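Participant: Okay, predicted coordinates and the sequence, questions at the end:
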Amino acid sequence: MTTGYSDRINHAFAFAAKHHDTQVRKGTALPYLTRPANVAVILTRYGQSEDTVLAGILHGVIEGSVRDGYTREELDEWIGNKFGRPVLETALAVTERRTDDDGVELSPEERKRDAVVRLSGASTDARWVCAADALHSIGTVLADLKRTEYPETVWSRISRGREGTIRYYRTVCDRLAEVGFEAPILGELRRAVEAVEQHGAPALKG
């Protein structure tokens with residue numbers, strides 16, 4: 001269990017801030033660093049270990065590096081040596097891959113499906129990172145919907161659109177349950193998805 005602050009966590013935030021630098025969340029002016037920060041808050045709120053919180057903070061850095069073609073050896077040297085290989089392993093277990101086991105390049109949608117399928121072999125810590133990341137993402141959508149009278153302005157900046165977004169996060173919930181992840185965060189995630197479905201429903205015409 002972590003109290004939410006340590007030299008390692010401070011180092012991870014500094015490391016992530018340097019990596020993400022001027023990046024912003026898609027369709028907003030919010031710094032990308034708000035994502036790992038919120039994931040860390042969620043994991044800490046549920047009393048997860050320091051290594052799990054570190055994996056949540058560094059998940060975006062690692063996923064971006066995999067997308068950019070970093071090898072496992074390079075990631076070991078760059079991140080594993082700094083924060084520990086268990087942290088790297090946890091994040092990699094729920095990171096979207098560029099290629100499948102046969103080296104075939106995956107499309108963006110295939111990468112997401114592949115990551116969901118691989119939850120079956122992920123550790124409990126990795127499943128916590130997945131759930132916290134999903135909760136923050138869908139929670140951000142819900143918060144944006146509550147702040148506007150025009151839900152279409154929210155959905156227009158999300159590539160999957162309303163139906164695709166709801167379907168994806170329902171799939172994540174179902175898969176986590178399917179592989180035996182029964183942590184209370186899963187109930188919170190399901191409720192957030194249901195709230196988005198209800199709040200973001202298109203207005204009926206006529």
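Facilitator: Thanks, I have the structure now.
Participant: show me where pLDDT drops low in this protein?
Facilitator: 1-4, 27-29, 200-206 (pLDDT under 70).
Participant: Count residues in the vicinity of the closest residue to residue 79 other than its chain neighbours, would you?
Facilitator: Distance criterion C-beta to C-beta, 6 or more residues apart in numbering; nearest residue to residue 79, sequence neighbours excluded, is residue 88 at 5.2 Å. C-beta: built from backbone N, CA, C; applies to glycine. When neighbours are counted by other C-beta atoms under 10 Å, residue 88 registers 23.
Participant: ditto for residue 86
Facilitator: Residue 86: 16 neighbours (other C-beta under 10 Å).
Participant: Not including adjacent chain positions, what is the nearest residue to it?
Facilitator: Among residues not flanking residue 86 along the chain, residue 51 sits closest, at 5.4 Å (C-beta to C-beta, 6+ apart).
Participant: pretty sure the one you found is touching residue 84, no?
Facilitator: Yes. Assessed by C-beta atoms under 8 Å, residue 51 is found in contact with residue 84 at 6.7 Å.
Participant: Show me what the longest helix along the chain is packed up against.
Facilitator: Longest helix in the chain by number of residues (criterion: DSSP state H): helix 124-146. Packing partners of helix 124-146 (3 or more C-beta pairs under 8 Å, 6 or more residues apart in numbering; DSSP states H and E): helix 34-45, helix 50-67, helix 85-93, helix 151-155, helix 161-178, helix 185-199.
Participant: how far is the first one from where the chain is centred?
Facilitator: When you say that, I think you mean helix 34-45. Distance of helix 34-45 from the chain centroid (C-alpha atoms, centre = their mean, to the nearest Å) equals 10 Å.
Participant: Fine, thanks again, bye for now.
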